[in-house]
Structures are given as C-alpha cells and as structure tokens.
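Quick one, what's the 3D model for this:
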Amino acid sequence: GGYTQGIEGAQFPCGTAENSAWLSIIAASENMSISIVASDCVNGDGVELLLYDTNLEPVSTCFSSGGLNIPGNITADTLVPGEFYWIMIDGFAGDICEVTLTITGGVSTGPPDPPGSIRAIPDVSPLCSGTQVCYEIDPVQNATEYDWEWPPNATLIGSDTTNKICLLYNSNGSGIVRVTPSNPCFPGVPAVTPVVVLPIPPTILPPFFFCLDDFPVQINGNTFRQPGTYNITRQSYFGCDSIIQYIIVPLPQVPAFLELPICPGGCTTFLDSTFCTLGTRQFRIKDAAANGCDSIININIYEVGEGCYGIEGQIVDDYNGNCAKDLGEGILGGNLTLYGTDTIAVQVDSHGHYQIQNLNPGDYTLVFDDGLQDYQPCEDSIQLTLGGNQLVFEKDFYVTGPARCYDLSVFLGVNYLKRCTTNRYYVNYCNSGNATANDAHIIVELDPFMTFESASRPYDYVDGQKIKFSLGNVGPGVCGRFTVDVNLSCSNTIDGMTHCSEATIFPNIPCTPSPAWSGAVLDVFGQCLGDSVSFTIRNIGESPSRPNISYLIIEDQVVLRDTIFARTDAGLNPGETRTIEFPANGVTYRIEVPQEPFYPGKRDKLVAYVEGCKADGSGDFSTGFVATLGVGADDQTSDIECKQTGLGEYDLTKNCIPKGLGPQHFITKDLELEYKIHFQNTLNDTVDQIVIRDTISDMLDLSTLLPGASSHPYQFNRLPNRVVEFVFSNAQLPPIATNEEGSIGFVNFRIQQVPDIKQGNTIENNAFIYMGADTSYTNTFFHNVVVNEVLVFDEKMLCEGDYFAGMQVSADTFFIDTISLYFYDSIVVTTIKVGQPTLDSIDANICQGTSYLFAGEDLEAQGTYFDSLSTTFGCDSIILLNLNVQDIYLSTTALSFCEGDTVYWENMALVETGLYEVSYITQYGCDSIFQLQLDQVAVFETQIDTSICQGQAVTAGGQTFTTSGTFTIGLLSTAGCDSLITVNLQVFETSTDTLSERICERDYFYFGTDTLSGPGTYLNIEQNANGCDSTTLLFLEVDPAYEIAIDTTIKKDSSFLGVVIKTDTLLVQNLLTMEGCDSIVSYMVSVDLSANREILRDDLVRIVPNPNDGSFYLQLDLTDEWLVECRVLDIKGIEMGRKKAESMRTKEKSKIWFEEDYPPGMYYLWIQTNKGIRVRQFLVF
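Sure, this is the predicted structure:
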C-alpha cells in the first residue's frame, strides 16, 4: 500500500504505513518475539508492527490492530545472531500512540565489547614471502561490523567483513594487522598484531660433476636424471622457501691404451684375466680415470721374443736341516749370483725374498754366496733352464745355522671410532723368529676416554685402562688374532678428537741386544691436569740412562723454539722421572724424546700427545694434529693406534699416519709410514672374497713392509713388479643395505722410506680392490719429503708487489728455509698469501635519530661516504658507503575514558590516566611508534524510584524497562562519560483475559455494566487496587431458536406425547438444539372417530440405531398392508429427504433403510401410513 513516512522502499504487507517510527536492534538468536501494547492513542485505533533486515525485507510475522487498539505480537525464526535489524512501529490509520515493546531474543544496541587478541593461523613469526595467513578474533558482543587493516605487501583473500580475514604476503616487509569491531551506532576499540615478512635468500651451489654413466644421480635427496641446471625449492634456515640452484656437469669416460707383451707360447694376465693369444681387448675399469669416471682401456697383446722369463724365491732358515720348508720356519737374508749370458748380482731383501726379471731363454746357474756367518746351504748352486710356456721359475735356498731366537710382533687397528657407542679394536700378533717365545702375553692400554667392555679371548685382568691377555708359549711362525670391544665416552669428548690406544707384546727384548746398549729404556706420557698440561719422561729399564736427555715441544704444528735446545738436568735412574708442564690453553701439545742409544727396538724417538686440554673446560680446542705428525716409528713389539672420531672413512679410501704437515703433506726422511686401506661392500649381495693389490712406490723400501692389523683374516702375498697382495678368502662381507657397520673392513701395513730418498721427492700410493664383480681404485695418498727432521710452519699475509726473502710476490706461494741448530736441523715452511686491493660497497640503513659509525665518525645524514681501510693482509681496501636514513613513523591518539572503564589498546588493558606507547620494527629495524594519551573523566550518579503496571514501560537513558528490579544506566554526560542512573522499578500485575461465550436467540448476556443480546466482540476494562487495568475481551455468539408445526391424526382416547386425546388438540413441545437452544414443535392432533380404524401406535414405530451417523432404518411392526411415506426434517423444519409410499405386507416386521450424509445435529422423522401419522426424533453425530 501507500507509504508516506519512514524509510523509503520498505514494504508493509499488513496494510499501509502512514506514521512509522524505526528502532534498531541486534539479534541474539535465530528466534525473536516482540509484543506491543499501545496507550494514549489520539484516535483510539492502535498500532501496526513488523521486523525488517538491513535490506528492508520483512523477516517476521505482521501485526495490525485493525483499528481496535488491542495488544499485538510478532515472531521471527530465521534471524542471524549478531546481525542488525529494524523494528517498524506504525500508527493504524495514522494514529499517534504511546507504545511499550517487550522483546525476547534480541539485544539493545550498545557499544561493542573490547576485542580479544588477534590470532594468526598459522602462528609463525617471521613469515616467508608467499605465505598465506588467516587472522581472527573471537566474535565481539554488540559488534555488527569488523574493519580490518593490513600491510601493503599483503593481498586480501576472500571477505574482510567478519571477525576473520585471510591474507597472502607477496613480498618482504613489516607492518601491523589491525581490526576495529563496531556497529552502526557505536565505534569500537581496535586490536593490533605486528607482522614481519622475511626475504627469500637464493642459493647457487658450485657445479657438481658426474660421469655420464652415473645418471640418474642423487644430491641431498634430489634425483637428477640428466645434466643441466635445476632450481629446487627448499626450506631455508629461518623456515622460508629458498631457491637452490644445482648445476650438473657431465664428465666423459676417459679412454686409455695399453700394450701387453707375451712371450712365444706364453700368456699374460690383466685384471684377473689370462690372455694367451694375440689381439686387442677392451676393459672398463670403474672410477679409475683421473676425473673419477670409468676408464675405458684398449689393450693390444703382442708377442716378444726376449726378456720374457724370470726367477724368484726366498732363503729359508731351515731349522731342522731337512732341506724343505716346514711350518714355523723363518726366512733369512744373504747374497745370490746368477750366471748365464751375463753375470747378475741378485738383491735379496731383509726378509730373504729375491726376484730376477727380463731374462731370455737359456741355461742359468744360481749360486749362493756365504753372506750369513755360521749358516750353510743345503746346496751351493741351482741349475735352471728357462723356456717354453713357464715364464716364472720359483727356486728356494735352504740354509741352516746354530742361532735360535723368537721375533714377536703385535699390531693394533680399528675401523673407525664413534662417540657414545661400542667400538671394536683388532689385535694381530706373530712370532717370525726361529725359537718359541715362552709365557708370551699382550697388554692393551686404552685411551683415557674409553671403557673396556669385552674381548673375543679370555683375559687375565683389567687394571684401569690396561687389559692383559696371556698367549702361553708362541712357537715359530705362529700367528693369532682377537678383538677388544670398548665404549667411547660422550662426556668431555667431541667429534674430531683423537684417541690413542696401544698394544704391547711380551717378551719384548731381543735375544741378543747390542752390547753398546746401556740397558736403560725411556718412556714418555702426557696428561691433562685441568689448568696445565704435564709430560713425564721416565726410565723403565734396568740401568741408568744417558745424561742430559733432550726433548722437543710442538704446539699444534709449530715448534717452540725455546725447547729446541731443551735438556733434562741429568740422566734418569731406573724408575726415576722428570716432568715438564705447560699452560692448558687448548692447543695440541706434542713431546719428542730420543730413545736411549743402541736400544734394540725400532722406536728411536718417543712421542706423546695431549689434546683437548683447556683450563676453562670448554670444547674450544684444536684437533687433528696427532694424525698430522704421527706417533713415531713403532717397535714390532708395540703398536699405537691413533684415530679421530667422526671421520667416516669408509668405502674405498686410503690414508696414512702421519698425514704430513700442511696441504703439501710434508714429512721428514727415515720416518716410518703406516697405511690403512678401507673397503666397504656397496653391492647387493654378500662378498666372499676380497683381493687388495697395492703397488709400492720406489720411494719406499719394500723389504721393510710389515703387514699389520685387519678387520678380517687375510693371506699376504708378494707379487712381481713391487705389488703386494692381501687376500680375504672368506670375508662374508654383508651388503651396506642390510648391515652398514658389518659391510666395512680395513687392513694396515707399515713400511720405511728408502735410505737415499731426496728432499722434494713425492711418495704416492693407492690400491686396487677386487670385490666380487666390482673392481675399483682407492684414492691416491701422497707425501712430500724433506730431509730435515724438524718442521716449523709459518704464514705471512702480504700485499701484491711486496717482497719476501728478497723476492717480489704477486700470487699465493710458499718458501722453504733451513735453520741449522745445535741438536736438530729445522726447516721453516712459510706460506705466503697475497691480498689484492679491493673496492667494497656497503648499503646501510639507519633509523631517524640514530647514527652509523663509519671511518671513525657517527653519521646521521643520508648520503654517500668513502673510506680507505687495510684488509687482513694489510692491503688497502676502498669502502663506499651508501647510507639511507629511514623515517620513524609516529602516531599519537588522544582518548578520554570514564572512571571505572578499561581501555583495550595494543593488547594492553588500561585503567589509569597516562601516555602509553608501543613500537613495531619495520623491515629496516626502525620503530613505528604508536602513542595513546589517556585521560580519565569522573562518573555522575542519579537514583529514580518508580512503579508501573504490567505491560507498561519506563524509559530512562534511552533504555526501556518492563520488569521489577534495580537497573543501572550509563548515559553520556557533557564530558563524554557515563552518568550512572539507578532505576528502582516495581511492576504491578495486570490481567488480560479473553472470553468466548454463546447465548440463544432471545437470551441476554451480562458483561460488566452492559446487557448483551446480539453477537459481537466486546471489551471491558476495570482498575485493580494498584490502579492497573484488568482487561477482558469478549467474543459473543447467538444461536438461533426454531419453530416446527406438525399435523397428525389419532384414535379417540389414544395417548400422544403422554397426553390422552379425546378431541382435536394443539400440543407444544420444547426441544434442545445441538447448540443447547430451545426449538418449539407444535402438533395439531386430530381425533379419528372411525371405530374400526387401527391407530399407528408409538410402540409399532422405532428408529434403529438412535443416535447414528446418518445410516439407520425404520422398524415397523405391522398387522396388515399399509401405505407408508417417510420424510426427514432438520431442526428448522426443512425437509432433508423423503422415502416414497410403499405397500407393506400384513404382520411383517418391515425395515425402511436410510443411508444419507446428514450433517451432525438433531432431526425429525415424519411417518405417515393409512393408519395414522407419527413423528420420531433422532440424533446424527
């Protein structure tokens, strides 16, 4: 309908909105009920009521008074809790009234509650670029809107109108996320959380080189199937995604060409393959090329006519004189001469082995020359004829002599060392002499950080770090091995730390020592005493030592010049000691002490170390220098095994003790080298046999090679061309995939340098390993030899063009200088590092009000600055500084608040006057400062006592109250604070009743002071004792009364309705209708004077059943045939149905059926026969 006032566009389905008023409300639930009572209406017409959403669409039922000014009610059941709605109140037909509203399910509009903290999902700080984060706060009471703010480097995802938003951070930066809850009536206070987004640092790795047949390859868990450049996304150290660039460079297979000669009718061997025919062959040797790839070897096998034959053998110490090699018999040195086309002096090594090569076919005589005093050969010469397919002839000389002596040796080895777990040492021993060593035993002394756990053979005792193993009598040629399991402590150890253990076999004094030996035996050991390092020199022999024992101290790898001339003040008696101490500063201390002259063992220099000793107990100490300089030459009867933890030297690697000084691996001459070859089963199946072949450098004395400890039993063989072989025949080495620790093995051997080795010579060594079908080379280990015995390392930092030792330098290099001293000659190796002048650019950002220290000045202004500095090499470096000054953001807000209120600001609850401040760090580290000036205003209080009737309302401070109680209202005063109004309200009861009444026509109804006879709606208002209205609404209905006239004839003196009729008579009967009103039936009864006519008596007519549902029958008891007609009349006398006249047989109980759909009510059945008329009542339900 029409619309004249209020909000344009609102539709009112109950009628016409002509004088509307609008109230706002916030839904507290889906359901809402609003009751309205109008009073003091100008026109007395009442009001209309409806609820709208913010789009002015009706959301409730509608109420209109219809001009009667009656109370009303509307309901809604599809509301959204927390949403804003409009209540429209309109005067009916433009009426103006006072109204009272009672609302259930809504809340009155007020300021939003302070918000809680903002939650971030995920809650991560700092963030990474490309991260999506959702922020939310708990729903705020009285808030219908949420105003979000976010940093400029973020993009909104979805909506920002609820208590939750989602942001995508596109780049690095910092800022805040702020949300302010509000409603259309009141603003709210904000909640804030800071945001920092870090940049993604890209990483470009150096190129990776792989052989072509290695693909696909894996690096750091990434699989690369072909060469190329790949960008991989990985999580950086601060949790952000980082682009890592891998450059995969292919390496080609390296071809090689080899020519192998064979003698006529002979054969040659290469890689365990034997070739007896001429031609070419091709082999692939895995990882053998210089670039680490497979080497493709093309072999040309050709025939030669000369130099194809050889002779080899040994000189056997024939203990029992039977001229045959027996178990336990040793080997001796001597001199041999070969006579043939030429005369050749044959070299026999210290172990009695000889080898003669490149001989032509023909007859030869090999003669034994008497090089051994008191030894006699079984035969002085051997006749040989060389030729045919046998290329190498083996011939041994057997000699006998009177001397008999044991020759014991022991070797100690370990595969690797791991902290906090069990490690296994391997002990090998042999008697290479020609006599039995009685009551032999081995003492294993463990590193101080180790604890003995178990051994594979019985032991006699454990005394601290020493474990004794009795061997009994060890006969000539008898060897044995056992294992010792130890636990390496976690406490006071670090990875990279060196741990040394020693094995010594007894008896350890040769049968016939030199008569020049004094009998003194020196020993040295070091220990950490907490605040100092102590070395002790002691005499464990049976005679006094030489006087003035010299010693040398080395810190890490630098000789302390003060100790080069150091001496003890006197010699040492048996059991006597001397102690030297140094500060515990974390360096590795090494002491070297010459052994007593003419000592019968090989250890002419004693060495002891102390590593990891620092007074403050920290782990900041040097490591690795024990392996660098070694532990000196070992006696055969004693072996020291030093190993660093955490090195992981598995697979196919070869290393050596000592490693040598510096990257050039400098060592002195006459120093014994101990090589260790590691191997690991990287195949898929268990490996039974492993063969290791090592070609010994010409710089090493092959005759001094001693096979040492190993992880598995082996057979040692000497092959031609300076090749030695270790054969592990039943290794049973499991694959790495099923047993990583069990898949690892090793073997040691010792060897001396050749006596005439020159300064500057390089010793190289690698090994060839056959493991099942896999064949590989180990790495090559090298040493550079210097003649001098003491090495001093120095390092100089020079600038390009500077001079050192009279030479101008322009690039990194090193110089070697010799210093002649009293006891030792010393070589000083000086490494020169050359620095280049540089130009460096620095971009710096500072915050406004701070300074940047540059070139000794505190800079505050933005600009470009220059300075010249010296680098670590002392060279000039030009530094360009680009200084940017970042502004500090300052925001100040003044706010007044009322006494007793709490102001929530930046996650703080504030209750007092003051200046509050928070700051957030920007991407340059500057503060964004937010200030709040808070002032407190006093509160005014007023009390109102009043009462109302039920259904009325009291309005105070914009709030309406309808129930009894005490209410406190906050109103804004002129100062902007609440005036507290306390309302003490008492509500007296009223009653509102609704009556529905019915009366009959011509009756009266008394209502209040009114007498009512007509239908209608009536209102009666009375006041109770409290002066409140008691309202009664009456709905009155009037039921009609009916009159019916019926004519009938009966026989004189018959009874009708209980009355005996003698003459024509008018009878009136009152009947009740269904509504309970009287219905008047008039009967005109006529008297039939015929004496012979039979009257239809009442007992002859019955209605069955009665009452009924419209289906019944008329039961007639007749004596002869009568004509019958029946009519049905309603209570008003209107005919509802008729049955036509029928002829009935005499004396027959007849039934006349009625099947009609009569409405419920009272009816009359009018029955006429030739004998009279009767009327019967029946009821239909």
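
What distance do you get for Ser1086 to Tyr406?
171 Å (C-beta to C-beta, to the nearest Å). (C-beta placed from N, C-alpha, C; glycine too.)

I meant Gly279, not that one.
Distance of Gly279 to Tyr406, computed by C-beta to C-beta: 54 Å.

So for the two, which residue has more residues nearby?
Using other C-beta atoms under 10 Å, the more surrounded residue of Gly279 and Tyr406 is Tyr406, with 20 against 9.

Can you name the residues that contact the more buried one?
Taking C-beta atoms under 8 Å, 6 or more residues apart in numbering, we find Tyr406 in contact with 431, 433-437, 474, 476, 507, 511.

Among the residues you listed, which one lies nearest to Ser1082?
Minimum distance to Ser1082 across the contacts of Tyr406 is 156.4 Å, recorded for Val474 (C-beta to C-beta).

Show the low-confidence segments of the stretch 951-1100 of the chain, by residue range.
Scanning the stretch 951-1100 of the chain with the threshold set as pLDDT under 70 gives 957-958, 970-979, 1041-1047, 1070-1076, 1078-1079, 1088-1099.

next one: the stretch 451-600 of the chain
Counting by pLDDT under 70, the stretch 451-600 of the chain contains low-confidence ranges at 557-569.

Surely Val626 is within a strand?
No - counting by DSSP: H, G, I helix; E, B strand; the rest coil, Val626 falls outside a strand, being helix.

Neighbours of it, how many?
Val626 - counted by other C-beta under 10 Å - has 25 other residues nearby.

Same question for the one 5 residues further on.
By the criterion of other C-beta under 10 Å, Val631 has 24 neighbours.

Tell me who's in contact with it.
By C-beta under 8 Å, 6+ apart, the contact set of Val631 is 500, 607, 609, 640, 642, 657.

Distance check, it against Ile677.
Per C-beta to C-beta, Val631 is found 19 Å from Ile677.

what about Thr946, distance to Ser1030?
21 Å.

More neighbours: those two, which one.
Taking Thr946 and Ser1030 together and counting by other C-beta under 10 Å, Ser1030 has the greater number of neighbours (15 against 11).

and that one, bridged to which residues?
In this entry, Ser1030 is beta-bridged to Ser991, Glu1022, by DSSP bridges.

Just the ones of the contacts of Val631 in helices?
Judged by DSSP state H, helices contain none of those.

now, the most widely separated pair of those?
Between any two of those (C-beta to C-beta), the greatest distance is 12.4 Å, for Tyr609 and Ile657.

So Thr902 versus Leu915, what's the distance?
From Thr902 to Leu915 the distance is 17 Å (C-beta to C-beta).

Also Pro707?
Shown here: Pro707 relative to Leu915, a distance of 86 Å by C-beta to C-beta.

These two: who's more crowded?
Remark: of Pro707 and Leu915, Pro707 carries more neighbours, 18 against 10, as counted by other C-beta under 10 Å.

can you pull out the strands in the stretch 951-1100 of the chain?
954-956, 959-961, 965-972, 978-988, 991-1000, 1005-1007, 1010-1012, 1016-1023, 1029-1039, 1042-1051, 1054-1056, 1059-1061, 1065-1072, 1078-1088 (DSSP state E, counting those that start in this stretch).

now the first one, how far from the centre of its chain.
This means strand 954-956. The chain centroid and the centroid of strand 954-956 are separated by 62 Å, computed with C-alpha atoms, centre = their mean, to the nearest Å.

Is it correct that Thr1065 is in contact with Val1085?
Yes - between Thr1065 and Val1085 there is a contact at 4.9 Å, judged by C-beta atoms under 8 Å.

Looking at the two, which is more packed in?
Taking other C-beta under 10 Å, Thr1065 and Val1085 do not tie; Val1085 has more neighbours (20 against 15).

The more buried one against Lys1051, yeah?
No - with contacts counted by C-beta under 8 Å, Val1085 stays clear of Lys1051, the gap being 10.9 Å.

lowest average confidence, helix or strand, in the protein?
Sorting the helices and strands of the chain by mean pLDDT, DSSP states H and E puts strand 813-820 at the bottom, at a mean of 57.

Now do the one helix or strand Pro261 maps to: distance to the chain's middle.
Using DSSP states H and E, Pro261 maps to strand 254-262. Taking C-alpha atoms, centre = their mean, one finds strand 254-262 lying 55 Å from the centre of the chain it belongs to.

Let me see the mean pLDDT of it.
The pLDDT scores in strand 254-262 average 71.

With stretch 58-70 instead?
90.

For that stretch, which residues meet the burial criterion?
Along stretch 58-70, these residues count as buried under the neighbour rule (16 or more other C-beta atoms under 10 Å): 58-65, 69-70.

from these, which is closest to Phe186?
Among the buried residues of stretch 58-70, and counting by C-beta to C-beta, the member closest to Phe186 is Val59, at 23.3 Å.

how about the closest one, phi and psi?
Torsion angles at Val59 (phi, psi; degrees, to the nearest 10) stand at phi -130, psi 10.

show me the contacts for it.
Val59 is in contact with 51-53, 76, 78-79, 85, counting by C-beta under 8 Å, 6+ apart.

redo that, cut-off 6 Å
Val59 makes contacts with 51, 53, 76, as judged by C-beta atoms under 6 Å, 6 or more residues apart in numbering.

distance of it from Leu338?
Taking C-beta to C-beta, one finds Val59 at 123 Å from Leu338.

same question, Leu101
Distance from Leu101 to Leu338, counting by C-beta to C-beta: 133 Å.

now the helix or strand hosting Leu384, how far from the chain's geometric center?
Leu384 belongs to strand 381-386 when assigned by DSSP H and E. Its chain's C-alpha centre and that of strand 381-386 lie 78 Å apart, by C-alpha atoms, centre = their mean.

contacts for it?
Strand 381-386 is contacted from outside by 309, 359, 361, 363-367, 393, 395, using C-beta under 6 Å, 6+ apart.
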